[in-house]
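1. Model the structure of this input:
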Amino acid sequence: FCNHKSTTNPILKMKIAAFALLAGSAAAFAPAVSNKATSALAVSELELGVTEPLGVFDPLGWLETEPEAFERRRAVERKHGRVAMAAVVGTIVHNNHIVFDGYLSPSENLKFSDVPTGVDGIRAIPASGLFQILLFFGLVELAWMPASKYDGDYGVGYFGTNLDPEVKIRKLNVELNNGRAAMLGILGNMVVECATGETMYEQYAAGHVTAF
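-> I've put the predicted structure just below:
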């Protein structure tokens with residue numbers, strides 16, 4: 001983890017809003033809907049996430065040498081993408097100093113607002129809090145959203161609604177591609193923060209990152 005100082009700048013909210021709009025536009029680059037069907041998803045998993053001009057990107061030839069492992073690797077990609085998208089949103093929100101009221105740890109007199117932005121924030125969380133987070137993730141992986149369910153469909157629908165098959169295929173493609181972008185985005189954010197000592201907020205405030 002990295003050490004850094006904090007700064008503020010009133011123009012940040014406008015820049016983050018522009019950044020969020022640009023990030024949201026990534027959905028426009030989702031691949032075209034496929035009409036080929038299977039019984040489970042109305043589309044082959046191999047066809048999901050295929051984006052031109054690369055097509056099926058398999059430089060190591062694993063689809064030929066280890067075809068039985070594809071389903072698990074796709075499930076891992078999907079789940080990591082979901083976690084990364086949540087991480088990017090959380091990073092933007094926290095860097096904009098939007099936090100819960102009250103105490104993160106009353107016994108240690110630690111408020112949510114006391115947790116610094118950026119990757120160093122994890123240092124401020126008590127060990128008991130980190131244990132609770134890991135325990136929650138373990139329960140999610142084993143019971144609620146088991147890692148063994150490779151299709152990633154946990155029966156909750158899309159915000160509680162069942163989608164038309166063609167719409168569902170497009171949204172599955174969008175999810176995979178946005179998840180890939182989020183994995184690169186959150187990793188890049190952490191690397192830049194460690195390299196420069198400045199959080200996302202401070203990078204924008206200093207004018208090092210612009211939307212144009």
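2. can you list the weak-confidence ranges in this protein?
-> Within the chain, the ranges that satisfy pLDDT under 70 run 1-43, 155-160, 210-212.
3. Helices of that one, start to end?
-> All helices of the chain, identified by DSSP state H, fall at 12-24, 62-65, 70-95, 127-139, 165-196, 200-205.
4. Turn those into a markdown table, columns for distance to residue 145 and mean neighbour count.
-> For glycine as for every other residue, the C-beta is placed from the backbone atoms N, C-alpha and C. Formatted as a markdown table, the helices of the chain follow (distance: least, CB to CB, whole Å; neighbours: other CB atoms under 10 Å):
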| stretch | distance to residue 145 | mean neighbour count |
| --- | --- | --- |
| helix 12-24 | 24 | 14 |
| helix 62-65 | 25 | 10 |
| helix 70-95 | 8 | 16 |
| helix 127-139 | 10 | 11 |
| helix 165-196 | 14 | 17 |
| helix 200-205 | 28 | 22 |
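5. I'd like to know which of those is closest to residue 120.
-> With CB to CB, the closest approach to residue 120 among the helices of the chain belongs to helix 165-196: 8.5 Å.
6. Report all helices and strands that that closest one contacts.
-> Helix 165-196 is packed against helix 70-95, helix 200-205, with contacts defined by 3 or more CB pairs under 8 Å, 6 or more residues apart in numbering; DSSP states H and E.
7. 10 Å instead, please
-> The contact analysis (3 or more CB pairs under 10 Å, 6 or more residues apart in numbering; DSSP states H and E) places helix 165-196 against helix 12-24, helix 70-95, helix 200-205.
8. With distance to residue 176 added, can I get those helices in CSV?
-> What follows is these, written out as CSV (distance: least, CB to CB, whole Å):
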stretch, distance to residue 176
helix 12-24, 16
helix 70-95, 6
helix 200-205, 24
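9. Which one, of those, ends up nearest to residue 148?
-> Using CB to CB, these put helix 70-95 closest to residue 148, at 8.8 Å.
10. quick one: that closest one to helix 165-196, angle?
-> 60 degrees (axes from the mean of the first three to the mean of the last three CA atoms, to 10 degrees).
11. tell me how far helix 70-95 is from the chain's mean position?
-> 3 Å (CA atoms, centre = their mean, to the nearest Å).
12. Okay, angle between it and helix 127-139 too, please.
-> Using the same axes, to 10 degrees: helix 70-95 against helix 127-139 is 140 degrees.
13. and residue 53, which of the helices of the chain is closest to it?
-> Proximity to residue 53 (CB to CB) singles out helix 165-196 among the helices of the chain, at 14.0 Å.
14. looking at the protein, which residue lies furthest from center?
-> Distance to the chain centre peaks in the chain at residue 107, reaching 31.5 Å (criterion: CA atoms, centre = their mean).
15. got a list of what it touches?
-> Taking CB atoms under 10 Å, 6 or more residues apart in numbering, we find residue 107 in contact with 126, 128.
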